[in-house]
Structures are given as structure tokens and as C-alpha cells.
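> Take this sequence and fold it.
(one chain, ligands or ions: 4)
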Amino acid sequence: MATQGQVITCKAAVAYEPNKPLVIEDVQVAPPQAGEVRIKILFTALCHTDAYTWSGKDPEGLFPCILGHEAAGIVESVGEGVTEIQPGDHVIPCYQAECRECKFCKSGKTNLCGKVRTATGAGVMMNDRKSRFSVNGKPIYHFMGTSTFSQYTVVHDVSVAKIDPQAPLDKVCLLGCGVPTGLGAVWNTAKVEPGATVAIFGLGTVGLAVAEGAKSAGASRIIGVDIDSKKYDLAKNFGVTEFVNPKDYDKPIQQVLVDLTDGGVDYSFECIGNVSVMRAALECCHKGWGTSVIIGVAASGQEISTRPFQLVTGRVWKGTAFGGFKSRSQVPWLVDKYMKKEIKIDEYITHSLTLGDINKAFDLMHEGGCLRCVLKLHE
Ligand SMILES: NC(=O)c1ccc[n+]([C@@H]2O[C@H](COP(=O)([O-])OP(=O)(O)OC[C@H]3O[C@@H](n4cnc5c(N)ncnc54)[C@H](O)[C@@H]3O)[C@@H](O)[C@H]2O)c1
Ligand SMILES: N[C@@H](CCC(=O)N[C@@H](CSCO)C(=O)NCC(=O)O)C(=O)O
Ligand SMILES: [Zn+2]
Ligand SMILES: [Zn+2]
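Ligands and ions are numbered 1, 2, ... in the order given. You can find the predicted model right below:
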């Protein structure tokens with residue numbers, strides 16, 4: 001391999017400051033050290049969490065950094081001691097690692113992994129607590145352990161899911177975040193059963209994936225709640241059976257849903273990141289058993305609240321990261337499900353652009369007509 005062991009200079013989108021346009025730079029990407037993998041990223045999508053961190057509202061946000069965490073690519077080289085991944089493997093970088101050795105991984109109770117989390121939260125690699133990215137000698141922070149807005153990135157080996165080489169990378173890149181999050185929130189976190197009633201707050205990619213998951217789980221009613229009525233036609237294709245726009249009512253949305261469902265829904269999902277909506281999502285659940293799952297990411301300083309009585313009377317409040325999926329083990333399984341046409345991906349991709357258009361892609365994301373925009377990173 002000509003590039004193995006060498007610094008690679010390539011294009012990447014650097015976020016220098018919150019909310020300032022990303023700058024396409026020539027970035028130096030150092031070779032992978034022990035336990036690391038350097039990946040040629042071919043396609044990356046944008047997720048709202050990238051916009052959230054870029055906005056400066058993420059307490060873990062560090063600048064300058066290279067954002068991006070929903071991508072697919074091909075391994076360029078591996079560091080010392082990496083045995084399960086080889087150059088040429090088709091992979092999806094996973095922001096939620098799976099080491100299979102730590103307390104979290106061994107617990108069987110969670111998909112969270114503790115092995116590299118302190119480093120990924122600090123924008124560095126575990127080995128030497130330094131970045132592999134630089135511009136003219138100045139380090140640039142990693143983001144979520146993935147930094148996929150770059151033609152090449154370096155990640156920990158425990159964060160790499162090896163997938164079917166036949167899978168189209170311009171599609172399966174979405175399995176790096178939004179789609180698994182929604183499906184897994186239903187299948188793994190809530191464990192929705194046939195006949196259940198479901199309310200989904202926010203019908204973006206995550207909320208629509210919740211609808212898809214709820215439909216496949218056999219939910220009897222899937223009520224979509226969004227302030228953008230244009231979402232309804234689209235949402236029907238993902239399984240939403242009824243639509244409610246809070247703007248059409250004078251009473252609180254939780255009351256609207258309780259009245260519509262003879263006392264409340266069995267399951268609700270917050271897919272926005274709005275703490276007032278999180279409260280409504282809990283309070284629209286049925287007394288005695290209703291479960292609400294928080295998926296949305298709220299800004300630094302925001303807190304959730306409700307009357308404790310809501311929980312005393314049997315409602316359950318939960319949250320989910322990456323839909324509870326164990327990344328290295330289950331992302332390849334999700335890819336196989338897509339290849340067998342058992343889950344959707346193409347339907348979430350509304351726009352396709354190149355890395356140079358990344359600022360335009362973020363603008364599109366805020367315009368409502370956009371679910372996922374996939375960027376091609378190489379000509
Ligand atoms: N927990 C996780 O693992 C995880 C993974 C991926 C994304 N997320 C988070 O999930 C959230 C959703 O992501 P997305 O990509 O689907 O976002 P999105 O912006 O595409 O979708 C949000 C939807 O919510 C609607 N909305 C906004 N305010 C509303 C309100 N007050 N009431 C009803 N509807 C409202 C919008 O019209 C939009 O349709 C984000 O906060 C993102 O950061 C979390
Ligand atoms: N850094 C933020 C929290 C961000 C957050 O909650 N991230 C989600 C994934 S969002 C993907 O689009 C998550 O999985 N969190 C678990 C984890 O990061 O380990 C903050 O500090 O508020
Ligand atoms: Zn995401
Ligand atoms: Zn682990």
C-alpha cells in the first residue's frame with residue numbers, strides 16, 4: 001500500500017468556530033497507531049447532532065474540529081495489533097463503540113461501551129490522547145470518534161463495523177446513526193408489542209424510522225405529531241396512521257393525545273430534542289404502563305421535568321443511544337436486512353451533494369424538505 005504508514009493530505013470540512021461556515025481545508029491525517037484504523041470515507045450523511053454540536057450548544061463540542069458521524073468507507077490501513085479489520089474491508093464507523101470487554105459491554109444490559117468514550121468525548125485518540133488530524137501543524141479535534149466530514153479519518157478499532165462488500169456505500173452510510181436509532185428505539189428500548197398504540201413526536205429521519213420500526217412490530221395505531229403538516233404525506237409511507245399538528249389545538253398536546261386514545265398511548269418517542277415536548281411525550285402515555293423514550297438531544301443547560309406523580313402512577317421514562325444496538329455486532333446485521341429489502345434506507349435520502357457543498361447541505365437540513373443529504377467525498 002503506497003499510503004500505509006504515511007501522512008495523507010486530503011480534503012476535510014473543518015469547523016473552526018460555532019456557527020461559522022465550515023472550511024474545506026487540506027488536512028494532514030496521521031497514520032493509525034496501535035488499535036486504530038484509517039478509513040477512506042466515500043460517503044457521509046449529515047445528522048442533526050452534527051448541527052447541534054456546530055451550533056455551540058453541545059457541552060462536549062470542541063473547536064476546531066471535523067464533524068460527521070453517519071458514513072461508510074473502505075479501510076486504507078490499520079495500526080499495530082488490529083486483527084479483525086484489514087485494508088480493503090468495507091466498513092461503517094460507529095460513534096458508539098463495542099469493545100466486548102468493558103463493564104458496559106459485558107453487562108448485557110446496555111449498548112454503551114466505556115473503552116474509548118473518554119477520548120472520543122475529548123476529541124482525541126485513546127493511545128496518546130492526541131489528534132490524528134492537523135492543518136499546517138495545528139491539531140484539529142476529532143468528533144464522536146468518527147469525524148467523517150473528511151476524505152480520510154482515523155478511528156478506534158472497537159468503533160468499526162465490517163459490512164457486506166456488496167452493499168452500496170452511498171446508501172448504507174445512513175446505518176451509522178439516524179435509521180438504526182429510530183428502529184432500535186422501538187425494537188430494543190421500548191420493545192413495542194403487536195397491537196400497541198404509539199405516538200411519535202417529530203417526523204424527521206429518526207421519527208420516521210421509529211414509525212417504520214413500530215409498523216414492523218405490529219403497532220395498531222402510529223400517531224405522528226409534528227408542527228410541519230407537510231410531513232404527513234411522507235410519514236404515511238413509513239407507517240404513520242394518523243397525524244396531529246399541535247398548532248391545530250388550543251389544549252396541550254398531551255391532552256389531545258390522551259383524548260384520542262382512551263387514556264393515553266402505550267409508547268411515545270421524542271425525536272426532536274425539545275424538553276417541553278419530552279414532558280408532553282411522557283404525559284401522553286397511559287397511566288399504569290405507558291413508556292416514553294427520549295431520543296432527541298437537548299442543548300446544554302436544558303433539563304426535563306414533570307410531576308413525580310406521573311411516574312408514581314406507572315408511566316416509565318427511558319432514553320436511548322443508537323437505538324440500543326451493539327454497533328460492531330449489529331450494524332452488519334442491519335446492512336444485511338437492507339440488502340434483503342427488510343428495512344428502508346433509500347427513502348430517507350432526499351438530497352445528494354459533494355463535500356464542497358457541505359454548507360449548502362446544512363442549510364437544506366434546516367429547510368424542512370430534507371431528511372438526509374448524502375455527500376460524496378471523492379470524485
Ligand atoms: N439518541 C440518539 O442516539 C440520537 C441519534 C440520532 C439523532 N438524535 C437526535 O434526534 C433528534 C431528531 O433527529 P432528526 O434527524 O430526525 O431531526 P429532524 O430535525 O429532521 O426532525 C425533527 C422534526 O421535529 C419537528 N418538530 C420540531 N419542533 C417540534 C415541536 N415542537 N413539536 C412537534 N414537532 C416538532 C420538525 O418539524 C421535524 O420534522 C435530534 O435531536 C438528533 O440530535 C439522537
Ligand atoms: N455530547 C452531548 C450528548 C450527545 C448525545 O446524546 N449523543 C447521542 C447520540 S446523537 C447521534 O446523533 C448518544 O448516543 N449519546 C451517548 C454517548 O454519547 O455516549 C452532551 O454532552 O450533551
Ligand atoms: Zn446522529
Ligand atoms: Zn466496551
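> what's the neighbour count on the closest residue to Trp187 other than its chain neighbours?
Spatially, and ignoring its direct neighbours in sequence, Trp187 is nearest to Gly213 (5.6 Å; Cβ to Cβ, 6 or more residues apart in numbering). C-beta coordinates here come from the backbone N, C-alpha and C atoms, glycine included. Gly213 has 30 neighbouring residues, counting by other Cβ atoms under 10 Å.
> Gly213 contacts Gly182, doesn't it?
Yes. Counting by Cβ atoms under 8 Å, Gly182 is a contact partner of Gly213 at 6.1 Å.
> Tell me the gap between stretch 25-36 and the middle of its chain.
Here stretch 25-36 is found 24 Å from its chain centre; the criterion is Cα atoms, centre = their mean, to the nearest Å.
> same thing with stretch 288-304?
16 Å.
> And ligand 2, is that stretch touching that?
Yes. With Cβ under 6 Å from any ligand atom as the criterion, ligand 2 is reached by stretch 288-304 at Val297.
> for stretch 163-173, same thing?
No. Using Cβ under 6 Å from any ligand atom, stretch 163-173 never reaches ligand 2; the gap is at least 13.6 Å.
> How about the residue nearest the centre of the chain: what's its closest non-neighbour residue?
By Cα atoms, centre = their mean, the chain has its centre lying nearest to Cys177, at 2.9 Å. Spatially, and ignoring its direct neighbours in sequence, Cys177 is nearest to Glu70 (4.2 Å; Cβ to Cβ, 6+ apart).
> what sits against the one you found?
By Cβ atoms under 8 Å, 6 or more residues apart in numbering, the residues touching Glu70 are 44-47, 148, 173-174, 176-178, 372.
> In helices, which of these appear?
Per DSSP state H, helices hold the following members of these: Gly178.
> among the contacts of Glu70, which are in strands?
44-45, 372 (DSSP state E).
> and the helix or strand harbouring Ser134, average pLDDT?
Assigned by DSSP states H and E, Ser134 belongs to strand 133-135. Strand 133-135 carries an average pLDDT of 98.
> Distance check, Ser131 against ligand 4.
Ser131 sits 22 Å away from ligand 4, taking Cβ to the ion, to the nearest Å as the criterion.
> Please name the nearest non-neighbouring residue to that residue.
Using Cβ to Cβ, 6+ apart, the closest residue to Ser131 is Pro139 (4.4 Å).
> and the one you found, that one's in a strand?
Yes. Membership of Pro139 in a strand is supported by DSSP: H, G, I helix; E, B strand; the rest coil.
> List the contacts of it.
Counting by Cβ under 8 Å, 6+ apart, Pro139 has contacts 130-131, 133.
> Pretty sure Phe143 sits in a helix.
No. Secondary structure of Phe143 (three-state DSSP): coil, not part of a helix.
> you'd agree it is up against Cys65?
Yes. Counting by Cβ under 8 Å, Phe143 does reach Cys65; the two are 4.9 Å apart.
> just to revisit the earlier point, how about the residue nearest to Trp187, what does it touch?
182-187, 192.
> cutoff 6 Å now
183, 186-187 (Cβ atoms under 6 Å, 6 or more residues apart in numbering).
> Please report how far the residue in the stretch 101-250 of the chain that ligand 1 sits nearest to lies from Asn111.
Scanning the stretch 101-250 of the chain for the residue nearest ligand 1 gives Gly204, at 2.1 Å (criterion: Cβ to the nearest ligand atom). Look at Gly204 and Asn111: by Cβ to Cβ, to the nearest Å, they are 22 Å apart.
> same check, this time on Glu98
Glu98 is 7 Å from Asn111, by Cβ to Cβ.
> cool, and Pro308?
Pro308 is 28 Å from Asn111, by Cβ to Cβ.
> Those two: who's more crowded?
Asn111 (22 against 8).
> for the closest residue to ligand 2 within the stretch 101-250 of the chain, what are its contacts?
Closest to ligand 2 within the stretch 101-250 of the chain is Cys177: 4.9 Å, counting by Cβ to the nearest ligand atom. Neighbour list for Cys177: 47, 69-70 [criterion: Cβ under 6 Å, 6+ apart].
> at 10 Å what do you get?
Contacts for Cys177 (Cβ atoms under 10 Å, 6 or more residues apart in numbering) come out as 45-50, 69-71, 92, 94-96, 144, 146, 205-206, 322-323, 372.
> Likewise for Val91?
37, 39-41, 71-75, 85, 155, 159-163, 165, 169, 328, 331-332.
> Filter those residues down to just the buried residues.
37, 39-41, 71-73, 75, 85, 155, 159-163, 169, 328, 331-332 (16 or more other Cβ atoms under 10 Å).
> Let's see which of those residues end up in helices.
Members of these lying in helices (criterion: DSSP H): 169, 328, 331-332.
> and the stretch 51-200 of the chain, which residues reach ligand 3?
For the stretch 51-200 of the chain, the residues in contact with ligand 3 (Cβ under 5 Å from the ion) are Cys177.
> where does the stretch 51-200 of the chain come near ligand 4, residue by residue?
Contact residues, the stretch 51-200 of the chain versus ligand 4 (Cβ under 5 Å from the ion): 99, 102, 105, 113, 115.
> Could you report the neighbour count for the second one?
The number of residues packed near Cys102 is 17, by other Cβ under 10 Å.
> my guess is it meets Thr118, correct?
No. Taking contacts as Cβ atoms under 10 Å, Cys102 lies outside contact range of Thr118: 11.6 Å.
> how near is the residue in the stretch 251-379 of the chain positioned nearest to ligand 1 to Ser327?
For the stretch 251-379 of the chain, the residue closest to ligand 1 is Gly273, as judged by Cβ to the nearest ligand atom, at 3.0 Å. Counting by Cβ to Cβ, the gap from Gly273 to Ser327 is 22 Å.
> more crowded one of these two?
Just comparing Gly273 and Ser327: by other Cβ under 10 Å the higher neighbour count belongs to Ser327, 25 against 20.
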